[in-house]
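[1] got a predicted structure plus its sequence, pasted below:
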Amino acid sequence: MADAIRVLAMDGVEKANSGHPGMPMGMADVATVLFSKFLKFDASRPDWADRDRFILSAGHGSMLIYSLLHLTGYKDATKEQLSNFRQWGAKTAGHPEYGHMAGIETTTGPLGQGVANSVGFALAERHLAGRFGEDLVDHRTWVIAGDGCLMEGVSQEAIALAGRLKLNKLCVLWDDNEITIDGKVSLSDATDQLARFKASGWAVKAIDGHDMGAIKKALAWATKQSKPTLIACKTRIGRGAATMEGSHKTHGAALGAAEIAATRLGLKWTHAPFELPEGVEKAWRKVGKRGSKDRKAWEARLLDHASRDDFTRAMAGDLPDGAFEALEAKLKAVVAEAPAMATRQSSGVALETVFDAIPELIGGSADLTGSNNTFVKNTHILDAPTYEGRYVNWGIREHGMASAMNGMALHGGVIPYAGTFMVFSDYSRPAIRLAALMGVRAIHVLTHDSIGLGEDGPTHQPVEHLAALRAIPNLLVFRPADTVEALECWQVALQNKKAPSALALSRQKTPAVRLTDAGENLSRKGAYELKAASGEAKVTLFGTGTEVALALKAAETLEAEGAPTRVVSVPCFELFEQQPKAYQDAVIGRGTVRVAIEAAIKQGWERFIGEDGAFVGMSSFGASAPAEVLYKEFGITAEAVVEAAKARL
């Protein structure tokens, strides 16, 4: 059965003339024992909510998971898909991609991400078990990781958190083959990984990764621990290859026709590429059906469970009925009150308004809770031993936090949000990008969004970060101008099941700009006319966040000087791009002088102001001084906007 994985892996890579056969061949024994004896799954129902999650963190070895899915009878993983590995239109992408093929739990390839995702999977499982009971939620998360996964810094953030939270249903199977692309691991690393994991609160064990008996005993041991577990599986990369076993040359290239022919002889494998011996195929298909009995028993329990409807809705990612009733009432009150407050505070108001109505919301912060306003009063902390709480103390681990949020969202049943300073979105960016690629709902609360944070200086003042985040496809980047827009942006972020969101929020207070009830969520359109011109418009001013108030002030001056001026608020570039062209043209105001104002770099604003438009913002890093001084010194003022418009009239 293990040799079937080896042959499929080397044949798939050979046909594509591209890929990584060494890891699948080396870990075939471990994977065979895991799938045939321990993994709880039913190939006929890949979406079974209480299945174990299998994560191939070493995603370059994607032929391992494709082979396993094919052998166990997953409908998507056909022989044709395997033979079209890495080809246009095939579900068998170069690295496993979530949503392409049933059975792939997360997109992996950037090393370390799968390990970090797994912490989120395990955390979501424990939380849902606390909420709904272990008769509905009782499954494990298994990870195959390589040396590269453990070298990446995000792995330390992830394993430290998992150890602290005692996530004992998480097991990492380390492919300890001592090989990287360049050669021996010893070229670049001498870490005692067992000691490292143990120091982080894990139970650890080392085994021969080709000894089926030892593998079975170790996996059984892992299921009985009170801590997360690491099993170091000593393997030989390219196991079974005739002359290349143990060589780094098997890592990332096809073995070649001669080596494959010799390997077939050595394995006594007489079948053609992608063909299987009948007995082996039957044995694997039996494994794929092994969980059917457990799955049916679980479905019977769900049918009679008091929380059946809530559980089913939560796992589908649907919001409860009336999720936004309180928020919509709050919107009307806020319009009437017109509060002046920092938008990070406005975000906190939004959370307080929806938190009880949406029990799936799980919050957190990278040790900046008081600054990010992500904690809702009286919320219990999500922690061992019950895990029923709804707030995670992530610690100073932005990358691990963002990656684990992806795992939580992928697991289902929870909607993760968490905060940090916007400048530190750089630390979260690889995971935010993967969330966008996968299309999962993870919400990033990014406060201190400009030079307006003041005295902490340029190390903490984001200037290029809005442009960098807006460059990521399928990421909704919101920068609300006041409390009304903050409430609206939160509503859109929560309703969008197929994209992550980033909310850019101010430290400093800003006046209310939405002073009338629009009767609809205007932020949903991405950009809208906030103030009409007194006559036929000659000037259109665009702004986001705290700079919308400056645009309104500048418009007042321009109107007084005889230039009819309209103001457009642009809370979300990405949503604006989804609007009909006629709406876009009307909002942009073609034929008028156009000026944009944002305390950030210009990149991306060309879409609104064209080649001849003016931009009032940043073209350098910030400085350390009070916010009002910085805005004046860097020329981000209503007066500068007026002068820019007049120069073009």
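    Cool, got the structure.
[2] just checking, what packs against the one helix or strand Val445 maps to?
    Secondary structure assignment for Val445, by DSSP states H and E: strand 443-447. When contacts are defined as 3 or more Cβ pairs under 8 Å, 6 or more residues apart in numbering; DSSP states H and E, strand 443-447 sits against helix 343-354, helix 369-372, strand 415-421, helix 425-438, strand 501-505. Any C-beta I mention is one placed from the backbone N, CA and C, and that applies to glycine too.
[3] just checking, what packs against the longest helix anywhere in the chain?
    Using DSSP state H to define each element, the chain has its longest helix at helix 113-132. Judged by 3+ Cβ pairs under 8 Å, 6+ apart, helix 113-132 is in contact with strand 53-56, strand 141-145, helix 147-151, helix 154-164, strand 170-176, helix 308-316, helix 398-411, helix 425-438.
[4] quick check: buried residues in the strand holding Val445?
    Across strand 443-447, burial judged by 16 or more other Cβ atoms under 10 Å covers Ile443, His444, Val445, Leu446, Thr447.
[5] determine the angle, from 0 to 180 degrees, between the longest helix of the chain and strand 170-176.
    Interaxial angle, helix 113-132 versus strand 170-176 (axes from the mean of the first three to the mean of the last three Cα atoms, to 10 degrees): 160 degrees.
[6] just the mean pLDDT for helix 113-132, thanks.
    If you average the pLDDT over helix 113-132, you get 98.
[7] same thing with stretch 506-518?
    Stretch 506-518 comes out with an average pLDDT of 97.
[8] I'd say Asp189 and Glu152 touch.
    No: using Cβ atoms under 8 Å, Asp189 is not in contact with Glu152, being 11.4 Å away.
[9] the two - which one has more neighbours?
    Neighbours per residue, other Cβ atoms under 10 Å: of Asp189 and Glu152, the larger number sits with Glu152, 21 against 13.
[10] list the residues that contact the closest residue to the more buried one other than its chain neighbours.
    Excluding the flanking residues, the one nearest Glu152 by Cβ to Cβ, 6 or more residues apart in numbering is Gly112, at 3.1 Å. Neighbouring residues of Gly112 by Cβ atoms under 8 Å, 6 or more residues apart in numbering: Ser57, Gly148, Cys149, Leu150, Met151, Glu152, Gly153, Val154, Ser155, Ala158, Ser403.
[11] go again with 6 Å.
    Neighbouring residues of Gly112 by Cβ atoms under 6 Å, 6 or more residues apart in numbering: Cys149, Glu152, Val154, Ser155.
[12] what of Lys91?
    If you count contacts by Cβ under 6 Å, 6+ apart, Lys91 has them with Asp76, Gln81, His100, Met101.
[13] how about these in CSV, adding distance to Gly622, neighbour count and secondary structure?
    Shown next, in CSV, are the contacts of Lys91 (distance: Cβ to Cβ, whole Å; neighbours: other Cβ atoms under 10 Å; DSSP: H, G, I helix; E, B strand; the rest coil):
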residue, distance to Gly622, neighbour count, secondary structure
Asp76, 50, 16, coil
Gln81, 51, 20, helix
His100, 42, 14, coil
Met101, 46, 23, coil
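[14] farthest pair within these?
    Gln81 and His100 (9.7 Å; Cβ to Cβ).
[15] skipping its backbone neighbours, what lies nearest Phe85 in space?
    In space, and not counting its chain neighbours, Phe85 is closest to Gly12: 4.1 Å by Cβ to Cβ, 6+ apart.
[16] quick check, the one you found in a strand?
    No: with DSSP: H, G, I helix; E, B strand; the rest coil as the criterion, Gly12 is assigned helix and is not in a strand.
[17] do you know how far it is from Val376?
    49 Å (Cβ to Cβ, to the nearest Å).
[18] also Glu577?
    To Val376, Glu577 is 32 Å away according to Cβ to Cβ.
[19] more neighbours: which of these two?
    In this view Glu577 and Val376 are compared by other Cβ under 10 Å, and Val376 has more residues nearby, 17 against 11.
[20] how much space between that one and Arg479?
    23 Å.
[21] what of Ala512?
    Separation of Ala512 from Arg479 (Cβ to Cβ): 16 Å.
[22] who has more neighbours, those two?
    Using other Cβ under 10 Å, the more surrounded residue of Ala512 and Arg479 is Arg479, with 33 against 19.
[23] circling back: export the buried residues of strand 443-447 to a markdown table and tack on distance to Asp175 and pLDDT?
    Putting the buried residues of strand 443-447 into a markdown table (distance: Cβ to Cβ, whole Å; pLDDT from 0 to 100) gives the following:
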| residue | distance to Asp175 | pLDDT |
| --- | --- | --- |
| Ile443 | 34 | 99 |
| His444 | 32 | 99 |
| Val445 | 36 | 99 |
| Leu446 | 36 | 99 |
| Thr447 | 40 | 98 |
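[24] isn't Ala241 up against Leu265?
    No: using Cβ atoms under 6 Å, Ala241 and Leu265 do not qualify as a contacting pair, with a distance of 11.7 Å.
[25] test my guess that Pro21 contacts Ala9.
    Yes: here Pro21 reaches Ala9: they are 5.0 Å apart, a contact under Cβ under 6 Å.
[26] got any ranges where the protein has weak pLDDT?
    Within the chain, no range satisfies pLDDT under 70.
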